[in-house]
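> I'll drop the sequence and a predicted model, then ask my questions.
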Amino acid sequence: MGRALASGFAGAVRRWPIVLLLWVVGVVFGLSFSLVAGKWLALSLNSALASRTLIKNIDANVFVDLFLHHHESLSMFLLVGLVMIVVGLVFSIGLNAGVAGTALDPSSRVELTEFWRTGLRLYPVFTRLWLLAMLVLAAVLAVLAGGGFLLARWLSESANETPYSYTFAGLGLFAAVLVMLLAAVHDHARLYAARTDRGAIRAYAWALWFVFVGDLRAPLLALVLFLIGVLFWVVYQGVVVFLPVTTGGWVTISLLWGQVLMQGRALVRVVAFVSQADLQQEMPE
């Protein structure tokens, strides 16, 4: 697993144009939504004090007031946000197809033309894989939610709250681990489909076997990649909490530091695909 992770970081460095591309796409969508949200808030609140303090203090009462007194413009803003989410999803499927399709050989360098060509070729099967992964995730979460509801009814008769708290804490932890493993299954299914040109159902079934039965290193690698992502977030929060976002200069610094986090997330995304592809090479079928 350590070799695969090292190969992932080395492969991500070789693919720095792709990491930069993922970051730029994230910045474009994030900046577009932020500009739309900021403009709408400024118009709705008439540049009132509340609009200038929301950056430091998220006050729910302000949003309740916006919903009650600016319902029509809020609906339009939410519609714009929904459209941007859909467009972002369409782009993300293609970007993941390009990253996964060009990650099969960790030692190779990848040109952006090859990246886009591979993404377009794999887009149909990656779309089907995304739909399949979302259906599986929804079914799993529905089962867990139903089990939690039944547990809540069973434990509600007890006067002791300790079993109630521990049970739901354990259920929440189990759900988080399962979601992380299903994300790894989705990644391995995309890599397998890109490597073998198999269909979505066959690729997802193979990835389920690979992660849960075939190779113990697959879930361990998923855990390590998740912890690396959490480490990036912890470092980001550890710095941003000390930034006094009260002037334009500090706001700019805070936004720039946020872009460092987004760049780190793009790097981890490429590292994940390359390292998982390296792991699959030892067990092709």
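Yep, it's here.

> Can you tell me which helices and strands the helix or strand containing residue 274 packs against?
Using DSSP states H and E, residue 274 sits within helix 248-280. Applying 3 or more C-beta pairs under 8 Å, 6 or more residues apart in numbering; DSSP states H and E, one finds that helix 248-280 makes contact with helix 2-14, helix 16-45, helix 71-101, helix 162-196, helix 217-240. (C-beta placed from N, C-alpha, C; glycine too.)

> three-state assignment of residue 103?
Here residue 103 is coil, with the state taken from DSSP: H, G, I helix; E, B strand; the rest coil.

> ok, it - how many residues close by?
By other C-beta atoms under 10 Å, 31 other residues sit near residue 103.

> cool, residue 16 as well?
Residue 16, neighbours per other C-beta under 10 Å, totals 13.

> Same question for residue 258.
14.

> report the angle between the axes of the helix holding residue 274 and helix 2-14?
Per axes from the mean of the first three to the mean of the last three C-alpha atoms, to 10 degrees, the angle that helix 248-280 makes with helix 2-14 is 130 degrees.

> Helix 248-280 vs helix 162-196, what angle?
70 degrees.

> Can you list the buried residues in the helix or strand in which residue 209 is found?
Here residue 209 sits within helix 200-209, counting by DSSP H and E. Within helix 200-209, the residues scored as buried using 16 or more other C-beta atoms under 10 Å are 200, 203, 204, 205, 206, 207, 208.

> just these now: which is nearest residue 101?
Of all these, residue 203 has the smallest distance to residue 101: 12.8 Å, by C-beta to C-beta.

> What residues does the closest residue to the closest one other than its chain neighbours make contact with?
Distances taken as C-beta to C-beta, 6 or more residues apart in numbering put residue 193 closest to residue 203, at 3.9 Å, once the chain neighbours are dropped. Residues in contact with residue 193 (C-beta atoms under 8 Å, 6 or more residues apart in numbering) are 122, 125, 126, 129, 199, 200, 203.

> how about a markdown table for these, with pLDDT and distance to residue 259 added?
Formatted as a markdown table, the contacts of residue 193 follow (pLDDT from 0 to 100; distance: C-beta to C-beta, whole Å):
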| residue | pLDDT | distance to residue 259 |
| --- | --- | --- |
| 122 | 93 | 29 |
| 125 | 94 | 32 |
| 126 | 95 | 27 |
| 129 | 95 | 30 |
| 199 | 88 | 38 |
| 200 | 91 | 34 |
| 203 | 93 | 34 |
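
> Using PyMOL, define a selection of the buried residues within the residues you listed.
Only the buried entries of these go into this PyMOL selection, using 16+ other C-beta under 10 Å:
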select buried, resi 122+125+126+129+200+203
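
> Columns distance to residue 94 on top of the contacts of residue 193, output as JSON lines?
Output for those, formatted as JSON lines (distance: C-beta to C-beta, whole Å):
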{"residue": "122", "distance to residue 94": "9"}
{"residue": "125", "distance to residue 94": "12"}
{"residue": "126", "distance to residue 94": "8"}
{"residue": "129", "distance to residue 94": "13"}
{"residue": "199", "distance to residue 94": "19"}
{"residue": "200", "distance to residue 94": "16"}
{"residue": "203", "distance to residue 94": "17"}
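
> Put together CSV for the helices and strands packed on helix 248-280, with distance to residue 153 on each row.
Below are the helices and strands packed on helix 248-280 laid out as CSV (distance: least, C-beta to C-beta, whole Å):
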stretch, distance to residue 153
helix 2-14, 44
helix 16-45, 40
helix 71-101, 35
helix 162-196, 11
helix 217-240, 32
